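Student: could you look at this predicted model? Sequence included:
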Amino acid sequence: MCAQPSTLVGGFFVPPPISQETRVLTHRIGIIGGDGIGPEVIAEGLKVIDAAGVSLETVDYDLGGSRYGRDGTVLPDEVLEEWRDLDALYLGAVGTPEVPPGVIERGLLLKMRFALDLYVNLRPFVYPADDIDFRVVRENTEGTYAGEGGFMRRGTPFEIATQGSVNTRHGVERAVRYSFELAMTRRKHLTLVHKTNVLTFAGDLWERTFNEVAAEYPEVETAYNHVDAACIYFVQSPQQYDVIVTDNLFGDILTDLGGAVSGGIGLASSANLNPDRTGPSMFEPVHGSAPDIAGQGIANPKAAILSGAMMLDFLGESDAAARVEAACADPSTEVEGTKAIGDAVAALVA
Ligand code: IPM
Ligand code: MN
């Protein structure tokens, strides 16, 4: 945590902080452009942050599917250790069609979420044209993502595969508490989404925890939806939501749907937060690497730009964050082309 010697990381020379004062003023950010459209959209996000007048000291990390294809590297422990000293991570998208499923997802994204204790995955959905303005708090370290399970007799007709859902009181409670606190800063309405009628063990733990914490927040009105019903409400009446808290897998699925009903996945931003700030938080668009449109300059960078705004907000640059958000919603930024959109947003935040 103290001043470090100069380091050579990912091919970029990173000078050490000059003085204590510099450290306070400059945010040190790890950049993982990743694969496909990832680097293109992150470049626009960095352009906008610069135009907003926030100076970042960036360290580039060449990670993702194409790096894996070149030398088998996914996420070395030394890199993870280096990240602990950063203020945040800004990621485009990782994954290439050639890499088998799970290698990058578990080896990079989930390893990062678990090791840095990024226990809240916060995904905002704002679409003024339809009066949509809600946040999903997705528990980000447990559930079916935990990796519990395995095979028996794999490849035989009697094969067994299990993939359990891990739910701890501690893990559920911290996501629920974060959500009540968030609701207190907004319209004071919080909905628990689960499947308590079928997942009677995990659902019971979630529901009990939710109700116990709710007693500490009498001002917050609460609701409960089964996840299948929530899918209907997302399409028919998403205006009813303010804050939603849910389990990891339900949150994964619901937030793609949330993007689809609020302007498209091209606008969906996210923050993988360590709210206790015991390590850096990570900010990334919800969309993937979209290899089919990579390199054509046509990807919408707004999800990445808005994820950058979430990063600014978390770093204490709330004024710049608000300007970036407002610029993304301005009709003058509804233009074609990755760079043109980035330029239009940058012109407004300056
Ligand atoms: C997301 C993605 C990831 C997830 C994958 C790529 C591991 O779909 O961030 O929503 O399932 O969490
Ligand atoms: Mn997803």
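Tutor: The structure has been received and is ready for your questions. Residues are numbered from 1 along each chain as shown. Ligands and ions are numbered 1, 2, ... in the order given.
Student: okay, helices next: where are they in the chain?
Tutor: 20-25, 38-51, 65-71, 77-83, 103-104, 111-115, 169-184, 202-214, 227-236, 248-261, 302-314, 318-329, 338-349 (DSSP state H).
Student: any chance of those in JSON lines, plus mean pLDDT and distance to ligand 1?
Tutor: Bear in mind the C-beta positions are built from the backbone N, C-alpha and C, glycine included. Output for those, formatted as JSON lines (pLDDT from 0 to 100; distance: least, Cβ to the nearest ligand atom, whole Å):
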{"stretch": "helix 20-25", "mean pLDDT": "49", "distance to ligand 1": "31"}
{"stretch": "helix 38-51", "mean pLDDT": "98", "distance to ligand 1": "12"}
{"stretch": "helix 65-71", "mean pLDDT": "97", "distance to ligand 1": "11"}
{"stretch": "helix 77-83", "mean pLDDT": "97", "distance to ligand 1": "17"}
{"stretch": "helix 103-104", "mean pLDDT": "97", "distance to ligand 1": "8"}
{"stretch": "helix 111-115", "mean pLDDT": "98", "distance to ligand 1": "8"}
{"stretch": "helix 169-184", "mean pLDDT": "98", "distance to ligand 1": "15"}
{"stretch": "helix 202-214", "mean pLDDT": "98", "distance to ligand 1": "18"}
{"stretch": "helix 227-236", "mean pLDDT": "98", "distance to ligand 1": "15"}
{"stretch": "helix 248-261", "mean pLDDT": "97", "distance to ligand 1": "5"}
{"stretch": "helix 302-314", "mean pLDDT": "98", "distance to ligand 1": "11"}
{"stretch": "helix 318-329", "mean pLDDT": "97", "distance to ligand 1": "20"}
{"stretch": "helix 338-349", "mean pLDDT": "98", "distance to ligand 1": "21"}
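Student: show me where pLDDT drops low in the stretch 51-200 of the chain?
Tutor: In the predicted model, the stretch 51-200 of the chain carries no residue with pLDDT under 70.
Student: kindly report the residues of it close to ligand 1.
Tutor: Residues of the stretch 51-200 of the chain lying near ligand 1 by Cβ under 6 Å from any ligand atom: 105, 109.
Student: ok, now which ones touch the closest residue to residue 207 other than its chain neighbours?
Tutor: Among residues not flanking residue 207 along the chain, residue 196 sits closest, at 5.4 Å (Cβ to Cβ, 6 or more residues apart in numbering). Residue 196 makes contact with 203-204, 206-207, 224, 226, according to Cβ atoms under 8 Å, 6 or more residues apart in numbering.
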